[in-house]
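J.: what follows is a predicted protein model with its sequence.
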Amino acid sequence: MGPLHYSNGLVSRLTFSWLNPLIALNKRRPVEASDLPCFDNHEYDCENLTEKLDSEWHREKANAVRNARKPSMWKALFLMFSFQEYATLCTLMLTYSVTKTAIPYLLYCVLKKLLEPSPQTYAALLLGAILCLYAGIESTCQTYIEYRASLFAMRVRTALCGVIFKKVISLSCRDTSALASGHVTNLFATDAESFQVGLEACPSFMMAPLTFTSCAVVMVWLAGWPAMAGLSVSIAYVVAQVLCVKPFKYLRRKTLKVIDKRITLISQIIHGIRSIKMHAWETPYYQAVQRLRRLEKNVYIKKFMITFFESLYQNTLPIFSVTLCYFFTNRPLDQVVFFTLLAYFLEMRVLVAWHFTRGSQLLTDCAVSLKRIQDFLTKVDKQRDLEQSLDGKGRCLPEESTSRKTESGDCILGKINLDLSGNRLALVIGPVGSGKSTLLSAICGASSSYKGEIKTNGSIAYVSQEPWIFQGTVRENIIFNSTYDAGRYQKVVEACDLKEDFKAFPNGDLSEIGERGIAMSGGQRARVSLARAVYLDADIYLLDDPLSAVDFKVAKHIFEKCICGILKRKLRVLVTHHLHCKEMADEVVLLENGSMVACSDYKEFTEKYLSRMTTNTGSAKEMAFLLEDDNSVTQGKGLLSVVEERDVGAVSLKTYWEYLRAGLPVVAIALLGLAAIATPVLQASPSWILAKWDRLTWANAYHRGIIVAYISLTIAANVLRYLFSFFIFFTALKCNTKLHNTMAQSLIHAPVSFFDTNPVGRILNRFSADIVEIDNILPPHLVHTLVVCDLFVSLIIPTLASYWLLVSVILPVVTLVWYGKAFVRITREVTRLQSLALSAVFSHISSTVEGLTTIRLHDARDEFIKKNHSYQDCRNRATFLVFSSMAWLKIRADLISTAVLTITSVVTILLSSSVGFVGLAITYSMVLVMDTAFVIQCTGFLQDAMTSVQRVMEYCRLSPEPAYQITKTPPRGWPRHGAVSFRHVSLRYYSDGPQVLKGVTFSIEPQQKIGIAGRTGAGKSSIVASLMRMPEASSGIHIDDVDIRELNLQSTRQVVSVIQQTPTLLSGTIRSNLDPLDMYTDDEIWSALSDVNLSPVMDKWGYDLEHRIEEGGVNLSVGERQLFSLARALLQKNKIIVMDEATANVDPKTDQMIQTTIRDKFKDCTVLIIAHRLSTIMDCDRIMVLHDGQVVEMDTPEALMGNADSWLAQLWQHSH
């Protein structure tokens, strides 16, 4: 859709009639993203707004340095916008204040005219007409103030998100690793959003003091100094609110910290879900999420207690304030003054309890969030600029460099002196944890150098040990930020041996591979990452063990055609455990314990240092690789991430019912509905009583009874209102917590295929933006939306003055309902589109943080910043339409409410015989005018929040792995022996996917060591997947003659220890990562760590089991993480051990240590070993060879190798 909002005429823009075609379209079918209006200028563009704020922020930081003060983001934001914008907003605010003050006084004049000895009806009608005009102007000004404030806040939020993203993408990896992923997500999902909401309330907050003062002056002039008694209630409340700002700030900070921790934990669960399921750790991690949610809930309860005070005051103010005015005077109650004061105090209820109180709370949140954002933006960027002072491109010179990789102070590298230049190949080798990967990280700037210096000259390409793949096509991942050159592209693809892989994808290299490369195997991801670096055509290539994930044939091809072929004229630094590569190396760098032991040529290394890397039981030549990693469940079949679905149509009553039922029984819900009706009726009764009697005095005994009844009803009404609000808040919080915990449980129990096909950002959106929405928006607006009942009473009370009013207001009310339904339809669908756009934003942020090093080295930051601008613009189109729709309805509601006020004024002035009822009717009609826009706004917010509830409920209904429903547990002490048998087992990863196991049959005797061999895609990892029931295979898998399909899922997973190729460590301590169930003693844990040779690491960490493991285990090398995984298996003491290519990322010496540990510590266990290295499985009792999902042979190594025609012998021959 085109840029409608400026292309139409003035009337269309003022009344928002340009939305009519879109609203009509939405009535026929739900609107799509392509239907949303575009912006016809750069006023709302993320790029333009980010540049403005970035410029002002840099100027403010420079001024702060000059003046020796802290920079202020507030000042930078203020200077972003023009004087004209502020002047327009201030003019509207001043007009609003003037008309709001004048309206009750005009009511006073109307009633005075009617009370004169000869009532001046026509003069009263004229004054009533002016009153209605002012009411229309006041409500229209309020609509435009809120609309402009909302768009203003949206632009500020967009600018902040743009600047935050620029900061994220410019952070060094060291800074990023120390920053919790939940904190980054929360900056976008909570802090920027809170700032937007706070700014939206800012004009109302600023108007409140001015309007309050002007109203107070008029009230004192009308009622004298006794009016100050009533005003003192408001003033006392304002003072109380000021005193509450500090504790409210504290609670806000505490809330955000807890949310950070909760989102970080959810993010880690998503990334480590396979490891969690394999270890049957769902329950402890779910309980950890519950604990954090409980802390969050407790903070919300404290915040709500402050809000309850506001609710009590809001509903007590009008009546009690008027009563206090007359308590301090002996004059009889004058109905004219009474209803004038009542009208003023009704206005003050909105001014003080809504504009001021809500504004102060939201601005407090706003200040806290901006402080967090500013702290993040002022982080010292520790990325050092590599010196470019060397002669000749392609040179790297680390001099006396020491690197610290983490904030914990873990020294990774010692003294290293290297001078690498020209078209040379340098191998970096060493045992696990020696600092190989850290050296490459330091050279490319991903790790800060504290001592010495690292000089480079020329561009750098870096291939990390853990490949980074972003959502897009294969070709986009390879070309990345470069220009497409068909000839060079084909050469790179050939050198990285990707041609055959492309044929397996549905659309070749144009196939979408999804976030994290979910449609590819580990080996394919590694080769695409390598191809990206090669295509860059850099001067220096830093290659962190790219050969570990591929079989011998592919490794040989890559080494010869790529590393020593297409890159032969480049400086190459290759980290590898593949020792036969040393013959082609110009230098071999040996690292041990973070220090350089040697830097020599091939001949010297072989003579002096080779013995350090090998043992008597393994030779340097015996490092052949058998198979390519096939632990990806997709098996290269082009599985894509699923498109996020959105509901269409109204949020059903069933959703509301299910939401309330999450926290309340049916009886309580019925009582809640009754209270919603009774409260406003009881609230209006005192005013109706006073309308029937004029000139009440306390001296009159009869009047005294009326006044007592008035006060009693007022107290009862406000106590009921208070209890009602209290009940709603706690009910909502209880329902929200129940939904959150149910969603977390459903997520943890969901099959792994769900995580493969849904981006991380999409899942986190439910736990961040959606939960924050229903926590902060839903409870208060659920209460305020029930003011609809008050509005109903506001319509009923005027009809008591004249039944003609009942007939006259029917048409306006019906029209308002019709407009309201159209508004709800359009905002509901657009809000859903907004949520989808927000998921795309989070996915982009998550992917960017994971690939920061690659993005920087490929100079692709600008491209990713542009993508962020694009995603933010898509979101803003939906947000803009939500605000415009709100204004569209408010303008029409203002006109209709003004019409109702006009009708009420005319009919009551002409037909009513009681001045009291005239005052009552006009007063409550003004309430209708004041509250209609407010209720519509609250209804809109409630609809938005219920859309989030709907999205959360969608995840609450995720289908769990079927076997979770099985309650049968195995016999005590099972398995006693560890026998495993497969009987005609078949497996599909997806219901419509191909069979990856086809009638597999074999049996393994207790305590046997079984090697599993086969080419890529043969089904090796599928054997492990079926044994772990991820997913559930067909029947036929038995452990100790017990069919595992008949047993509870977790009970079967607990008895099998799996050591994966890519081990997962979560943020926490050493103990929590090894023993989250707290089942083992310190001595047992120390013994396990010692057995896997992690004593040097523990020595470095002071032998402290509470030492912090950072998110993802970034303060450990990949090999050290692997050893931690092995230590877990030792602790569990299970009878069945599975090693799924567990030694792919370790050096030969560590590999040999692991094999020795298996023989010694697992001698009474059944062990299944899937491995790259032939030496790893050749000493097994038997070797099983798989091909095309079937077992083609299984026998002892000697028997199979003795037969030249056997599959194993051919694999051996092929690998050599």
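T.: It's in. Numbers count the residues shown, from 1 in each chain.
J.: for the rest of this, base every contact and every neighbour count on C-alpha atoms.
T.: OK.
J.: can you list contacts of stretch 471-488?
T.: Identification of contacts with stretch 471-488 by CA atoms under 8 Å, 6 or more residues apart in numbering yields 469-470, 489, 509-517, 528-529, 531-533, 535-536, 858-860, 863.
J.: buried ones among these?
T.: In terms of neighbour count (16 or more other CA atoms under 10 Å), the buried residues within the contacts of stretch 471-488 are 469-470, 489, 509, 511-517, 528-529, 531-533, 535-536, 858, 860.
J.: which ones among the residues you listed are found in helices?
T.: 489, 528-529, 531-533, 535-536 (DSSP state H).
J.: ok, which pair from the residues you listed is furthest apart?
T.: Tyr489 and Ser529 (13.7 Å; CA to CA).
J.: could you list the low-confidence segments of the stretch 801-950 of the chain?
T.: Applying pLDDT under 70 to the stretch 801-950 of the chain flags the ranges 801-809, 911-937, 940.
J.: all helices of the stretch 951-1100 of the chain, in order?
T.: 1020-1027, 1049-1053, 1070-1074, 1082-1091, 1095-1100 (DSSP state H, counting those that start in this stretch).
J.: just the CA atoms of the longest one, as PDB, please.
T.: What follows is the C-alpha trace of helix 1082-1091 in PDB, where atoms were taken according to Å, rounded to 0.1, in the frame of the first residue of the first chain:
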ATOM      1  CA  ASP A1082      33.100 -33.000  46.200                       C
ATOM      2  CA  ASP A1083      35.500 -35.900  46.300                       C
ATOM      3  CA  GLU A1084      33.600 -37.700  43.600                       C
ATOM      4  CA  ILE A1085      33.700 -34.700  41.400                       C
ATOM      5  CA  TRP A1086      37.400 -34.100  42.000                       C
ATOM      6  CA  SER A1087      38.100 -37.700  41.200                       C
ATOM      7  CA  ALA A1088      36.200 -37.400  37.800                       C
ATOM      8  CA  LEU A1089      38.100 -34.200  36.900                       C
ATOM      9  CA  SER A1090      41.400 -35.800  37.800                       C
ATOM     10  CA  ASP A1091      40.600 -38.900  35.700                       C
END
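J.: give me the buried positions along that helix.
T.: Buried-residue list, helix 1082-1091, by 16+ other CA under 10 Å: 1085-1086, 1088-1089, 1091.
J.: show me where pLDDT drops low in the stretch 1-150 of the chain?
T.: Across the stretch 1-150 of the chain (using pLDDT under 70), the flagged ranges come out as 1-8, 40-41, 117, 119.
J.: my read: Cys38 touches Arg877, true?
T.: Yes. If you go by CA atoms under 8 Å, Cys38 and Arg877 touch, sitting 6.7 Å apart.
J.: if we can go back for a sec, switch the helices of the stretch 951-1100 of the chain over to JSON lines; also include distance to Pro780.
T.: Below are the helices of the stretch 951-1100 of the chain laid out as JSON lines (distance: least, CA to CA, whole Å):
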{"stretch": "helix 1020-1027", "distance to Pro780": "48"}
{"stretch": "helix 1049-1053", "distance to Pro780": "41"}
{"stretch": "helix 1070-1074", "distance to Pro780": "39"}
{"stretch": "helix 1082-1091", "distance to Pro780": "49"}
{"stretch": "helix 1095-1100", "distance to Pro780": "51"}
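J.: out of these, which comes closest to Ala662?
T.: helix 1049-1053 (27.1 Å).
J.: need the CA coordinates for that closest one. CSV is fine.
T.: Provided in CSV are the C-alpha atoms of helix 1049-1053 (Å, rounded to 0.1, in the frame of the first residue of the first chain):
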residue,chain,number,x,y,z
LEU,A,1049,11.4,-41.3,28.6
GLN,A,1050,13.6,-39.7,31.2
SER,A,1051,14.2,-43.0,33.0
THR,A,1052,15.7,-44.5,29.8
ARG,A,1053,17.8,-41.5,29.0
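J.: still on that earlier bit, of all the helices of the stretch 951-1100 of the chain, which lies closest to Thr95?
T.: helix 1070-1074 (61.7 Å).
J.: give me the contacts around that closest one.
T.: Contacts of helix 1070-1074 (CA under 8 Å, 6+ apart): 1065-1066, 1078, 1085, 1105-1109, 1124-1125, 1127-1128.
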